[in-house]
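Engineer: return a 3D structure for these sequence lines:
(2 chains)
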Amino acid sequence: MIIMENNSIIQVKNLTKMFGKFTAVDDISFNVKKGEIFGLLGPNGAGKSTTLRVLSTLARPTKGTAVIGGYDILKNDNEVRKLIGIVSEKMIMYNRLTAAENLRFFGNLFNIPKDVLNKRIDDLLELVQLTKWKNSQVGTFSTGMRQRINVVRALLNMPQVLFLDEPTLGLDPQSSVEIREFVKKLNQENGTTVLITTHMMVDADLLCDRIAIVDHGKIVALDTSTNLKKTISGADTTIISLELANLNQELIDTVRKLDCVDSVTQENSMHLRIIVHGSEAFDSVLDSVRVKKGKINSVQNLQPTLEDVFLHITGHQVRDVADQKIPMETRRRFGQRPQARGR
Amino acid sequence: MGAKNLLSHSFRIAAKDLTELFRNRLGLVLLIVMPLFMMVMVGFIYPSNGSTLNNLPIGLVDEDVGYNNSTIPSQAFIMGLQAFNAQTNMLKLSNVSTVADIKDMVQSGELNGGIIISSNFSESIITGQQGVLIIMSDQSNPQVSATVQAALSAVFDQMGTQLAIQNVQPLNATNPLAIVKPYNVQTQGVVSGTPSYFDFIAPGIIAMTVMMSVMTGLPVAISQEKEIGTMDGMMVAPINRLSIILGKTMGQVARGLIQGVIILVLAVELFGVTIHGNILLVFGLLLLGIFSFVGLGIVITSFTKDQETAQMLMMTLMFPMMFLSGVFFPIQQMPWYMQSISHFLPLTYAADALRKVMVLGADIPAISPELIILITFGVVMTAIALPVFRRMMTR
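Structural biologist: Okay, the predicted model is just below:
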């Protein structure tokens, strides 16, 4: 047992994971407190999932290590495994087995006594309203049901730490809400520590106590959602939403060239989202638009979102680098190594 | 505790795999149909009782010009041939006028060959010379050609013997056959009965199917779980990594043995294969064969990232193995360099040992060289495979 400092349950120390020459996770360190919901936010390929896989003992770090619940992930991997549960972006369920058979199979791997396991399976299925489908094969389930049972699977060993890898990916808004509420409930009632990776700003904003923004394998910011937003909406920075009847490229370029403008995003054919700094910024932007004969329909002063924070810190949008999934197979051994996310 | 857990986890994984297998209806049907096809195919295309040759279309050209207006020798030969053929139905004789016609008819596929009675046949016989008979064969098909030549030579040999017996009648010998054919050649097998080609091939096919099914099944089963992500579920459980590979192997072995039993039953029931040896020894050998292949399967598993690659790699390895291990063709027929390759294939020894047990009723001492080789092969491959597998699992 390693003594954990400051009530933390996860301590990550200089963790690096390389795939060949590509560095997926670049020397990151952070602590997660007991009972906290901690988010890793970043675009696909930023290294979030790889971090999660290393922490959940599914991949070996190239350098550094981490301690979970007093156990080193390298030296005491089986002790760590007893403390954690993982919900991966891929379903960990056998389609040809029934819900109960699936849960029993995974439960047996944790050596849970038979009667305890059966009771727990019933309770967990009840919790996600799947009792009716206990003896149906998982292959016949809808996506929402599958994700629910997938989450339940990770809870079989009553983990102290739950890892969630993009848990709401591909779910409809209603199912996403259900999963979010379930995680919150679990955290409040059982005190389960949750480490969640996501590229959905909403998830991170609504769920996480603290958020680490990850980009190119590095943590670029780490704080609560409120504090992160304060970094850009402080005295100096303002976010303006501008609706222009005759929005064109020339207008955008003009605005972008202004010294006081940090970034310009075109949201649709009429809306611009502009982050500016300085007390004169508001006037300068409006003046320059008028000089170029821009017809202003409306001007709004916006509250910053996490997306703005991300943009401000990294200088590019989350969407810019999204959807760069590269199949794991191309990653190793042969030819050039593409910049892939860890799998 | 460790060993007990290892085994119990392995059993759980094997049981899970088998449940999945039995719920896959189509897969289950194919599991039975595949060996059935294999058996029926091999069982019926290869003749199972020696000479089933019949109705070979053969042209007969009588060029005999006679001697002193007598063609009695050639007439007698033709009558003898027809009488012989009436009993065996081996040939379908048709009269053809010239040698050129035979060539045409062989080329057009109407005939498989021809018999030519030479122009001085009667003269030679009557004047005490050898009568010349020519067998024409179709070289485009070496196998048919060889069959025709062998069949006709046998027919002529018997007819010649009969003629000779008549000719030596004046000598008043007690046994004229002993003068004409002083040697009486008989063949006798080590066990009673005449084993068919099927008896030769059945043990090989059983060994091949069982071992191949494990060797292909293992990489596919593991890479499939890696691909769909369920492997992670087992990997995050606090279990020995060994129990994953052990459980998967047990599942595949059970599957392979089911197939093996199906083939064995089919071979006995449908094709009359008799098992002379101990049936337990047969299963013991199958298990040993599987053991020798498992290591190879694990190594392949470790090097392939998805199902498709695993399957392609398996096909590449399977084909040479099928033909070089003496399952279909005796190794002794192969050129030396091919023979030496076959000595490196465990299937060669498994099939050989199984054949000795099933056909010859051999016991353990008789097949000990094969047993030693199979065990050594298995141990060496497993020793190579396990570290490779461990490394692969926690990359």
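Engineer: quick check: residue A:199 touching residue A:166?
Structural biologist: Yes - between residue A:199 and residue A:166 a contact is recorded at 7.3 Å, counting by Cβ atoms under 8 Å. Bear in mind the C-beta positions are built from the backbone N, C-alpha and C, glycine included.
Engineer: show me the chain divided up by domain.
Structural biologist: Using chain A here. A:8-224, A:234-302 (automatic domain parsing).
Engineer: um, chain B though
Structural biologist: Taken from automatic domain parsing, chain B resolves into B:2-47+B:194-393, B:56-178.
Engineer: could those domains go into CSV alongside mean pLDDT, mean neighbour count and distance to residue A:139?
Structural biologist: Conversion of these to CSV gives the following (pLDDT from 0 to 100; neighbours: other Cβ atoms under 10 Å in any protein chain shown; distance: least, Cβ to Cβ, whole Å):
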stretch, mean pLDDT, mean neighbour count, distance to residue A:139
domain B:2-47+B:194-393, 84, 19, 9
domain B:56-178, 83, 15, 51
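Engineer: closest one to chain B among the domains of chain A?
Structural biologist: domain A:8-224 (2.9 Å; Cβ to the nearest Cβ).
Engineer: start and end of the closest one, how far apart?
Structural biologist: End-to-end distance of domain A:8-224 (Cα to Cα, to the nearest Å): 16 Å.
Engineer: pull out the buried positions in whichever strand or helix holds residue A:178.
Structural biologist: Using DSSP states H and E, the element containing residue A:178 is helix A:173-190. Neighbour-count burial for helix A:173-190 flags A:175, A:176, A:178, A:179, A:180, A:182, A:183, A:186, A:187 (criterion: 16 or more other Cβ atoms under 10 Å in any protein chain shown).
Engineer: and chain B, which residues reach chain A?
Structural biologist: When proximity is defined as Cβ under 8 Å from any Cβ of the partner chain, chain B approaches chain A at B:5, B:8-9, B:12, B:16, B:19-20, B:23-24, B:228-230, B:232-239, B:305-306, B:309, B:394-395.
Engineer: how about the residues of chain A near chain B?
Structural biologist: Residues of chain A lying near chain B (Cβ under 8 Å from any Cβ): A:56-60, A:78-79, A:81-82, A:84-86, A:88, A:90-94, A:96-97, A:101, A:105-106, A:108-111, A:137, A:153, A:328-329, A:332.
Engineer: list buried residues within the residues you listed.
Structural biologist: Counted by 16+ other Cβ under 10 Å, the residues of chain A next to chain B give A:56-60, A:79, A:81-82, A:84-86, A:88, A:90-94, A:96-97, A:101, A:105-106, A:108-110, A:137, A:153, A:328-329 as buried.
Engineer: which parts of chain A are helices?
Structural biologist: A:48-55, A:77-83, A:99-109, A:114-127, A:143-153, A:173-190, A:201-207, A:225-232, A:249-257, A:281-291, A:306-314 (DSSP state H).
Engineer: got CSV for those, with mean pLDDT too?
Structural biologist: Listed next are the helices of chain A as CSV, based on pLDDT from 0 to 100:
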stretch, mean pLDDT
helix A:48-55, 92
helix A:77-83, 92
helix A:99-109, 95
helix A:114-127, 93
helix A:143-153, 89
helix A:173-190, 89
helix A:201-207, 84
helix A:225-232, 82
helix A:249-257, 85
helix A:281-291, 85
helix A:306-314, 80
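Engineer: out of those helices, nearest to residue B:157?
Structural biologist: Residue B:157 sits nearest to helix A:99-109 of all those, at 70.8 Å, using Cβ to Cβ.
Engineer: if we can go back for a sec, mind putting the buried residues of helix A:173-190 into JSON lines with distance to residue A:66?
Structural biologist: Shown next, in JSON lines, are the buried residues of helix A:173-190 (distance: Cβ to Cβ, whole Å):
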{"residue": "A:175", "distance to residue A:66": "31"}
{"residue": "A:176", "distance to residue A:66": "29"}
{"residue": "A:178", "distance to residue A:66": "30"}
{"residue": "A:179", "distance to residue A:66": "25"}
{"residue": "A:180", "distance to residue A:66": "26"}
{"residue": "A:182", "distance to residue A:66": "26"}
{"residue": "A:183", "distance to residue A:66": "22"}
{"residue": "A:186", "distance to residue A:66": "22"}
{"residue": "A:187", "distance to residue A:66": "21"}
